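# A predicted structure for the sequence below; I have some questions about it.
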Amino acid sequence: MTRITTFLGLLLSLVFLSTMTVAQSYRVQPGDTLTIEVIEDSSLNRSVLVTPDGRISLPGAGVLRVSGRTIEQIQAVLAERLSPNFVSLPNVFVGVSALAPEDEDPPVRSVFVVGEATNTGLVEVSPGTTLMQTIAQFGGFTNFAATKRIQLRRGSEIYTIDYEQILNGSSNNGAVVLREGDVIVVPQRKLFE
């Protein structure tokens with residue numbers, strides 16, 4: 001029984017130490033929320049959001065780049081910056097109260113195809129799918145398609161695409177990665193087109 005207890009105690013110690021090592025090596029990133037406490041002056045205690053450029057602001061310490069730094073590094077820099085306002089080096093504690101939300105791509109993106117395409121309507125594509133891959137997915141064009149005047153509509157922007165130039169290699173528009181909500185318009189050929 002004593003050996004099992006000793007073994008379990010050793011195992012729990014290893015798990016605890018490995019968790020501490022991971023926590024100590026975490027590097028702050030934009031979007032994280034930090035909690036800052038200054039023992040000597042509670043008026044400086046606050047919760048701050050790391051801005052997209054990786055900075056925070058604290059009265060008495062100014063603006064500080066924290067992105068890519070560990071909690072210990074941030075504590076040391078804040079204590080140093082605040083030290084002129086105190087008799088001795090202040091005790092600063094920093095914690096991560098919330099991690100930055102992860103930007104997850106949706107599993108599929110909705111693209112719409114109208115006009116002289118073999119299959120029109122909603123086409124769901126994976127993130128990173130190119131225009132050429134999408135054309136292959138919706139089956140290409142009908143015999144009446146004006147393939148030199150295809151439009152990619154992205155919000156209020158309209159891009160004219162010449163499919164024949166993509167095929168002969170004189171245009172790299174086929175490599176354009178489609179976004180959620182893009183609309184591919186395939187106009188009908190005119191009489192002598």
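Yep, that arrived.

# low-confidence ranges in this protein?
Low-confidence segments of the chain, defined by pLDDT under 70: 1-24, 103-106.

# all the helices of it, residue numbers only.
Using DSSP state H, the helices of the chain run over residues 2-25, 71-82, 131-137, 163-168.

# check which residues of the third one are buried.
Same thing as helix 131-137. 131-132, 134-135, 137 (16 or more other CB atoms under 10 Å). Backbone N, C-alpha and C define where each C-beta goes, glycine included.

# which residues touch that helix?
111, 113, 123, 125, 129, 141, 152, 161, 163, 166, 173-176, 178, 184 (CB atoms under 8 Å, 6 or more residues apart in numbering).

# pull out the buried residues from those.
Using 16+ other CB under 10 Å, the buried ones in those are 111, 113, 123, 125, 129, 141, 152, 161, 163, 166, 173-174, 176, 178, 184.

# could you list which of these belong to strands?
Judged by DSSP state E, strands contain the following of the buried ones among the contacts of helix 131-137: 111, 113, 123, 125, 152, 161, 184.

# return the member of those nearest to residue 31.
residue 125 (27.5 Å; CB to CB).

# separation between the closest one and residue 169?
23 Å (CB to CB, to the nearest Å).
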